[in-house]
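Participant: Using only what follows, build the 3D model:
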Amino acid sequence: RERERDGASFYRSEQHTLPCLMLFVKLGLQEEKSDLVLRALIKKYHEQMTQGCGDAACENPHCKSSSACQFPGIPASEAVKKALDLARLYASQKVCFVCLTPEAAAQRGAVLQLVDMGFDKPWCVLAMERFGSAQSAAAWLLTQHF
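Facilitator: Residues are numbered from 1 along each chain as shown. Reported below is the predicted structural model:
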């Protein structure tokens, strides 16, 4: 885990881009379609900043639900500008600040287990979205010929 000068914490590892990748799969997006990805991120970030994720234990400094929120009460027009900046950060450095619900966090853990087994991350995300459990996802991944 690293810290920026402004105190925002984030991962610069493979694991940290996973919440964004999971968002893209849910929306049916592929990372190479950068304009759609940026639009999805801008919408998600704006929603997080203006409405929050609803998790009382959220630690995301870019989420209204977090006690660590960097800009509580941000006007919607200002949130759009901040959301655009965060989406650009993802585009240039693959740094992602998408909130995870407890269910999504558990799903993320399962995806990481599948990746540790040697499967490609995008396929693991797809398998978890499709089957919901690590065991079913692993069984499906084992039958695929990539």
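Participant: Going by C-alpha atoms from here, please, whenever you check contacts or count neighbours.
Facilitator: Noted.
Participant: pLDDT on stretch 92-104, on average?
Facilitator: Taken as a whole, stretch 92-104 has an average pLDDT of 75.
Participant: what's the span of it from first residue to last?
Facilitator: Terminal residues of stretch 92-104 lie 25 Å apart, using Cα to Cα, to the nearest Å.
Participant: How about stretch 57-73?
Facilitator: 18 Å.
Participant: That stretch - what's its average pLDDT?
Facilitator: Across stretch 57-73, pLDDT averages out at 87.
Participant: Can you tell me what sits against that stretch?
Facilitator: Residues from elsewhere that reach stretch 57-73, judged by Cα atoms under 8 Å, 6 or more residues apart in numbering: 8-9, 45, 48-56, 97, 99.
Participant: redo that, cut-off 7 Å
Facilitator: Applying Cα atoms under 7 Å, 6 or more residues apart in numbering, the contact partners of stretch 57-73 are 8, 48-56, 97, 99.
Participant: Okay, and which of these map to strands?
Facilitator: Of these, none are assigned to strands by DSSP state E.
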